[in-house]
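Participant: no FASTA, just this:
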C-alpha cells in the first residue's frame, strides 16, 4: 500500500494577495479550512497545475511533479490529478455520460461505458446519463463533475467546496460514499472548505489557512476546537 504524502512549497502573488505556504500532507484525506479569501481555491489550483506562481514545488509519493521553470505545480503529461471546482465546468455540447467519459484513456468501448456507469452510480447520478449540462440543477452538475474527476482514477483528488449546491443530508451521504471510495482506491484527497462540519465529520487532518498563511495543521478535533465549540453553542441556543 502506498503511504500518502504530498510535499509542497508555494509562493504566489495575486494583486495584493500573497499566498505563501510550505509543508506536507501525510493523511489520506486533508481539509484546507479557512474563511473566504484565505487562499484555499488558489492553493488547490496551484497544486493542480492550473495556475502559476513565483515558486511552486510539489511532490506526490516522493515523485517530483513541479515544472519550476514555469512556476507550475504539475508538469504536462504527469498530472494524474482530478480537480472539482466550485463551479462545475461541464462541456455543454456533451451529454452527462460523454462528459464523464471524456478523460478516459481506455480504448475498449465496453470498459469505457462500464466505468462511466460505475462513477455515475457512485455519485448518485445514474439517471442523468443522457441529459445535457443545461438540463441539470447545481447539485446535479456538481455530482457529474465529481464523477468526471474520479473516472480516470487519479492519484490525487482536489476538491474545492464540492458539495456547496447540495443540501446537508445529500452532501453527507455523498461525502460518506466518496470517503469510502478514495480509501479503497488509495487516492490522496485534499478538500477546501469553510464548513467545519465537513472537516469534523471526516475526522481528517486540517490545514488552517488565514490570509494566505498557514496558521495551524493537525487533527480536525484539535485545529478546529474553537469552531466546534461555536457550532455547539449555536445548535444549543
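Facilitator: Cool, got the structure. No experiment lies behind these values; they were computed from the predicted model shown.
Participant: Excluding chain neighbours, give the residue nearest to the residue nearest the centre of the chain in space.
Facilitator: With distances taken as CA atoms, centre = their mean, residue 159 lies nearest the centre of the chain, 1.6 Å away. The shortest distance from residue 159 to any non-neighbouring residue, by CB to CB, 6 or more residues apart in numbering, is to residue 191 (4.0 Å). (Glycine included, C-beta is placed from N, CA and C.)
Participant: Next up, the contacts around the one you found.
Facilitator: Listed by CB atoms under 8 Å, 6 or more residues apart in numbering, the contact set of residue 191 reads 29, 30, 31, 32, 158, 159, 160, 162, 198, 202, 204.
Participant: 10 Å - rerun?
Facilitator: By CB atoms under 10 Å, 6 or more residues apart in numbering, residue 191 lies in contact with 29-33, 40, 44, 84, 157-163, 175, 178, 198-199, 202, 204.
Participant: now swap in residue 124 and tell me
Facilitator: 139, 140, 143, 146, 147, 166, 170, 173, 174, 177 are the contacts of residue 124 under CB under 10 Å, 6+ apart.
Participant: For the residue nearest to residue 159, name its beta-bridge partners.
Facilitator: Assessed by DSSP bridges, residue 191 has beta-bridge partners residue 31, residue 159.
Participant: where do the strands sit along the chain?
Facilitator: 6-14, 17-25, 29-33, 55-60, 63-64, 81-84, 156-160, 188-193, 205-210, 213-219 (DSSP state E).
Participant: Give me whichever of these is most buried.
Facilitator: strand 29-33 (a mean of 26; mean count of other CB atoms under 10 Å).
Participant: Just the angle for it relative to strand 6-14, thanks.
Facilitator: When axes from the mean of the first three to the mean of the last three CA atoms, to 10 degrees is applied, the directions of strand 29-33 and strand 6-14 differ by 20 degrees.
Participant: if I read this right, residue 20 contacts residue 12, doesn't it?
Facilitator: Yes. Between residue 20 and residue 12 there is a contact under CB atoms under 10 Å: 7.9 Å.
Participant: Which residues are in contact with each of these two?
Facilitator: 39, 53, 54, 55, 212.
Participant: any weak-confidence spans in this structure?
Facilitator: By pLDDT under 70, the weakly predicted segments of the chain are 1-4, 66-79, 228-237.
Participant: which helix in it runs the most residues?
Facilitator: helix 168-184 (DSSP state H).
Participant: Now it: buried residues?
Facilitator: Neighbour-count burial for helix 168-184, counted by 16 or more other CB atoms under 10 Å, picks out 171, 174, 175, 178, 179, 181, 182.
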